[in-house]
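S.K.: Fold the following for me, if possible:
(chains A and B)
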Protein chains: 2
Amino acid sequence: MDINQQMKLFMEPESIAAIGVSRHTGPNAYNLLENLLEYGYPGRLYPVNPNTAEILGVKTYASVADTPETADLGVISLPRHLVPQVVKQCVEKGIKALVIVTQGFADADDAEGQRLQREIVDMVQGTGTRILGPNTFGVANAHLSMSTSYIRIPMEANGVGTISQTGGTFVGLNDIRLAGKIVDVGDACDVDIVDCLHYFEQDNDTRVVVLHIEGMPDAKDFVETVRRVALKKPTLALKTGRSAQSARAVQSHTGALTGSDALWDIALRSAGVLRVEDIEELSDAIRAFLTLPPPKGTGIGLTTYTGGFGIIAADACGRNGMELVDFSETTMAALKALSPEWLGVGNPVDIWPGVSIMGHPRTEMESAALQHVLSDPNVHAAMAVISAYQPRLGEEHLPMIRSVARNFPDKPFVYFMYGLHFDAVRKTLESTGTTLAFPSPERAVRALMHLKRRADFLQRQSVPYGSRAV
Amino acid sequence: MDINQQMKLFMEPESIAAIGVSRHTGPNAYNLLENLLEYGYPGRLYPVNPNTAEILGVKTYASVADTPETADLGVISLPRHLVPQVVKQCVEKGIKALVIVTQGFADADDAEGQRLQREIVDMVQGTGTRILGPNTFGVANAHLSMSTSYIRIPMEANGVGTISQTGGTFVGLNDIRLAGKIVDVGDACDVDIVDCLHYFEQDNDTRVVVLHIEGMPDAKDFVETVRRVALKKPTLALKTGRSAQSARAVQSHTGALTGSDALWDIALRSAGVLRVEDIEELSDAIRAFLTLPPPKGTGIGLTTYTGGFGIIAADACGRNGMELVDFSETTMAALKALSPEWLGVGNPVDIWPGVSIMGHPRTEMESAALQHVLSDPNVHAAMAVISAYQPRLGEEHLPMIRSVARNFPDKPFVYFMYGLHFDAVRKTLESTGTTLAFPSPERAVRALMHLKRRADFLQRQSVPYGSRAV
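M.R.: Below you'll find the predicted structure:
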């Protein structure tokens, strides 16, 4: 079986044998079967539990040997000393993909854990059965309403494909789910990050690839493979375990070696992988790649209602390698015509005097200024600075956002927005699917910077941006 | 009149003459009178508009000369060429505090603006009347349900006192309002940041002082005054206009010179002012000072359900000058007793094996681990890493949070929380008034770092922390 077919058994199983499903259901029971029923997973389910005939109305089996078909995927959640014998039964049944949820293998602090891990690895050697884990949440595929995580996660069939060394990522970040599709390699005794990369490279549902990396025994294969993936799809990495202290914690978490952080920096950059520092940066960058076109340069044009917050945004541009460009004479003339004579027009563009003194209706002034800014050949991306001073403010912006997306499809346009009604207004603005609103200029500009870096990488590789997934 | 009495006329007026109030009311009318009525401002209102007898049922006056008393505060919002004659009328009426909202003075790009500004400054010279602005939102005092801003802002009588060079701050950030009380110095033709500092130094409603600084002509007075304020109250500064580019924008915004950014860094630090880089850092730090005790050292203890996110948090500690300390033998023994034998117990503390394998109920395991961590003499602050996988999760935490606040009143305890239900769970956790939940470990640790830095500053000045405002 080639690696892609193999990984499909994990990621897109038509049937699942759930070995060690409890009779306990309801809140805090963390019941895999209950979760899958709740999600509406359309595949066939074979719960294995020798102590009962059914759970939640689904027939159970005393052993995996008794199940009426060979499931695509086996999920094992049992005390660690019972795991090897069940792995053996699964191999004998012919199951080719096994998720081992159980903790206490390479992640344990004792010799027994190491021994058990070697035992299960030896057991599948040469059988065609592959193991994901142990110490894993397994996989989730929102496109198939399926997750092997015992924590019930919200389903959202977005374009994010995540490879993780923790189950924590299954829950998602505040602004985005990391699955789409997700795979947690856990202790990675067999299936590793490279195997998973093969899957996401080919997968048509996945538009952005996200890596959570703590460490790995051999980075050579990884770098070659991930470089190929990054040529096709935006690929982001949260590489953790940076300090000596956290590196020790990694070792006790999954038994992986973190390696030199500086080397990781170089390796990821040379492979075209965009490294992020924290989870908000990750979330922002993912959303940018799912929503915005890449800017063709570093030139940003700002429109603002307040000089003060325009300057805050200008500082953020300076810190993130973007720049407030000088406008062309045509743009300057157009902006001057909208403003009182005394106003020193420039970048950022101050919109308020045009409204309060010239009497232009607010939405018309906003729209006109923004279109002039985006028409400027020096401007590669635009940011509007607005305050969320009332919750329904976003609705007034919708026609303008749609018009900008139509007229400037190759220039990203984002908002930096502040104020207590941020969430409500953001929801409205982002409902257009063509813009994003960020709660700080820092985060907005950093997201644009990642788009720009990817554009630069592809240009260095002579890969035309438009022809690829995003 | 001493400066504090003078500033009280601006910040706590018992009567307001609103000069140039429009007859237009409703959405997008930005009507000061309508706003004040809506807030429920309890003082006396004298709208001045020669073209109507009443607005919204409030009697209007043809001129400020006709108002039946001398208002504590005059607010002028008229085209710039009309401002000088109205300032003259106000001086003649005996009004001692004037907010000039109008733009187009020192902030303008023309000679006329500069001339008008000199004209109004000369006009009040020696009269005892002081001008705030021009080009200002004026003041807001939520404790008095009052704001002179034409944008209607939400009122929240919190302990934040802000001095700003932009009206943008009136709207507030996403997580906190900056007023409490706020004053926008605008072009600062007369009342300046130093004057405002005198007020907030004395003001009993203000527990945290926030500065938004673009620049000022003379920083010497400022540094001396702000140092005195910082000894009494936590004082935070967002100093903008860092780059040459944004410095140019500052000059056209308020006419102020930004000065060398490195010098600002040194001046603020030596004065005990905590400088922040962006608005999220500002918001997080304010909330920390309003809610948490200062840590007595850099030692952090982490509890987590997932090794992976524990390591992400550990990285954030490393980047922000805090450290995951080694636990004492007593703590280690207590944590080992809660966990399966194979688990390598340490910092971060992995809670899940104690639940899933040892069978401790989740809330009991959480609470026990956290109390052991906080009892450790090496630990000065604790962070719990949790996932917001369902919206009502916070309720289970409330007894534990209350118990921690009772038993460890001098050790800050915060959450780093991720997941789509962040907002709902945060609201519940923070309802206790003793903890904060942050959406990234970076932000949580940075907020703790600001608390620690302030504690260090006070210690260097031999000021006992507990004896002061926070």
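S.K.: Confirm A:V414 sits in a helix?
M.R.: No - counting by DSSP: H, G, I helix; E, B strand; the rest coil, one finds A:V414 to be strand, located in no helix.
S.K.: and it, bridged to which residues?
M.R.: Beta bridges link A:V414 to A:M383, A:L436, judged by DSSP bridges.
S.K.: Around it, count how many other residues there are.
M.R.: Per other CB atoms under 10 Å in any protein chain shown, the neighbour tally for A:V414 reads 25. Just so you know, the C-beta spots here come from the backbone N, C-alpha and C atoms, and that holds for glycine as well.
S.K.: Please list all residues in contact with it.
M.R.: A:292, A:381-384, A:435-438, A:444, A:447-448 (CB atoms under 8 Å, 6 or more residues apart in numbering or on different chains).
S.K.: Check A:D284 too.
M.R.: With CB under 8 Å, 6+ apart, A:D284 has these contacts: A:175, A:436, A:438, A:443-444, A:446-447.
S.K.: export the residues you listed to CSV and tack on neighbour count, secondary structure and pLDDT?
M.R.: Formatted as CSV, those follow (neighbours: other CB atoms under 10 Å in any protein chain shown; DSSP: H, G, I helix; E, B strand; the rest coil; pLDDT from 0 to 100):
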residue, neighbour count, secondary structure, pLDDT
A:D175, 20, coil, 92
A:L436, 23, strand, 98
A:F438, 27, strand, 97
A:R443, 24, helix, 96
A:A444, 30, helix, 97
A:R446, 23, helix, 97
A:A447, 25, helix, 98
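S.K.: and the residues you listed, which two are the farthest apart?
M.R.: Largest separation among the contacts of A:D284 by CB to CB: A:D175 and A:R446, giving 14.0 Å.
S.K.: any low-confidence regions in chain A?
M.R.: A:244-259, A:464-470 (pLDDT under 70).
S.K.: At the geometric centre of it, which residue sits there?
M.R.: By CA atoms, centre = their mean, chain A has its centre lying nearest to A:L178, at 4.2 Å.
S.K.: From chain B, how far out is the nearest residue to that one once chain neighbours are set aside?
M.R.: Nearest residue to A:L178, sequence neighbours excluded (CB to CB, 6 or more residues apart in numbering or on different chains): A:T162, at 4.1 Å. Counting by CB to the nearest CB, to the nearest Å, the gap from A:T162 to chain B is 12 Å.
S.K.: Would you double-check that A:T162 falls in a strand?
M.R.: Yes - under three-state DSSP, A:T162 falls within a strand.
S.K.: So it versus A:V208, what's the distance?
M.R.: Separation of A:T162 from A:V208 (CB to CB, to the nearest Å) stands at 9 Å.
S.K.: Between these two, which is the more surrounded one?
M.R.: Neighbour totals were compared for A:T162 and A:V208, and A:T162 leads with 28 against 25 (other CB under 10 Å).
S.K.: how many neighbours does A:R269 have?
M.R.: A:R269: 13 surrounding residues under other CB under 10 Å.
S.K.: Ok, A:T67 next?
M.R.: Residues near A:T67, counting by other CB under 10 Å, number 23.
S.K.: do A:P399 as well
M.R.: 12.
S.K.: Same question for A:A53.
M.R.: Using other CB under 10 Å: A:A53 sits among 9 other residues.
S.K.: and it, what does it touch?
M.R.: Per CB under 8 Å, 6+ apart, neighbours of A:A53: A:59-60.
S.K.: Which phi and psi values does it adopt?
M.R.: When quoted as degrees, to the nearest 10, the phi and psi of A:A53 stand at phi -90, psi -20.
S.K.: Ok, A:A111 next?
M.R.: The phi/psi pair for A:A111 (degrees, to the nearest 10) reads phi -70, psi -30.
S.K.: dump the residue contacts of it.
M.R.: So A:A111 contacts nothing (CB under 8 Å, 6+ apart).
S.K.: Equivalent analysis for A:Q85, please.
M.R.: By CB under 8 Å, 6+ apart, A:Q85 lies in contact with nothing.
S.K.: is it fair to say it lies in a helix?
M.R.: Yes - per three-state DSSP, A:Q85 lies within a helix segment.
S.K.: show me the residues around the closest residue to A:G272 other than its chain neighbours that make contact.
M.R.: Spatial nearest neighbour of A:G272, chain neighbours left out: A:A230 (3.6 Å); criterion: CB to CB, 6+ apart. Neighbour list for A:A230: A:209, A:271-273, A:457 [criterion: CB under 8 Å, 6+ apart].
S.K.: Pick the one among the contacts of A:V414 closest to A:V325.
M.R.: Using CB to CB, the contacts of A:V414 come closest to A:V325 at A:A381, 10.1 Å.
S.K.: Just give me the neighbour total for the closest one.
M.R.: 29.
S.K.: likewise A:E54?
M.R.: 11.
S.K.: Next: A:G128.
M.R.: 12.
S.K.: Surely it touches A:D2?
M.R.: No - if you go by CB atoms under 8 Å, A:G128 and A:D2 don't touch, sitting 11.7 Å apart.
S.K.: which of the contacts of A:A230 lies closest to A:E329?
M.R.: Comparing these against A:E329 with CB to CB places A:F457 closest, at 33.8 Å.
S.K.: Chain neighbours aside, what residue packs nearest to that closest one?
M.R.: Nearest residue to A:F457 in three dimensions, chain neighbours excluded: A:G272, at 4.3 Å (CB to CB, 6+ apart).
S.K.: Contacts only, for the one you found.
M.R.: Residues near A:G272 by CB under 8 Å, 6+ apart: A:227, A:230-231, A:235, A:454, A:457-458, A:461.
S.K.: By proximity to chain B, which residue of the stretch 201-350 of chain A wins?
M.R.: Per CB to the nearest CB, the residue of the stretch 201-350 of chain A with the smallest distance to chain B is A:G308, at 2.2 Å.
S.K.: Could I get the contacting residues of that residue?
M.R.: B:164-169, B:212, B:214, B:240, B:253.
S.K.: Return only those of those found close to chain A.
M.R.: Counting by CB under 8 Å from any CB of the partner chain, B:164-169, B:212, B:214, B:240, B:253 from the contacts of A:G308 sit close to chain A.
S.K.: Please narrow those to those residing in strands.
M.R.: Counting by DSSP state E, the part of the ones next to chain A among the contacts of A:G308 found in strands is B:164, B:212.
S.K.: CSV for the ones next to chain A among the contacts of A:G308, including distance to B:E38 and neighbour count?
M.R.: Output for those, formatted as CSV (distance: CB to CB, whole Å; neighbours: other CB atoms under 10 Å in any protein chain shown):
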residue, distance to B:E38, neighbour count
B:S164, 22, 26
B:Q165, 27, 31
B:T166, 23, 24
B:G167, 18, 29
B:G168, 21, 27
B:T169, 20, 30
B:H212, 26, 27
B:E214, 30, 28
B:T240, 31, 30
B:H253, 29, 29
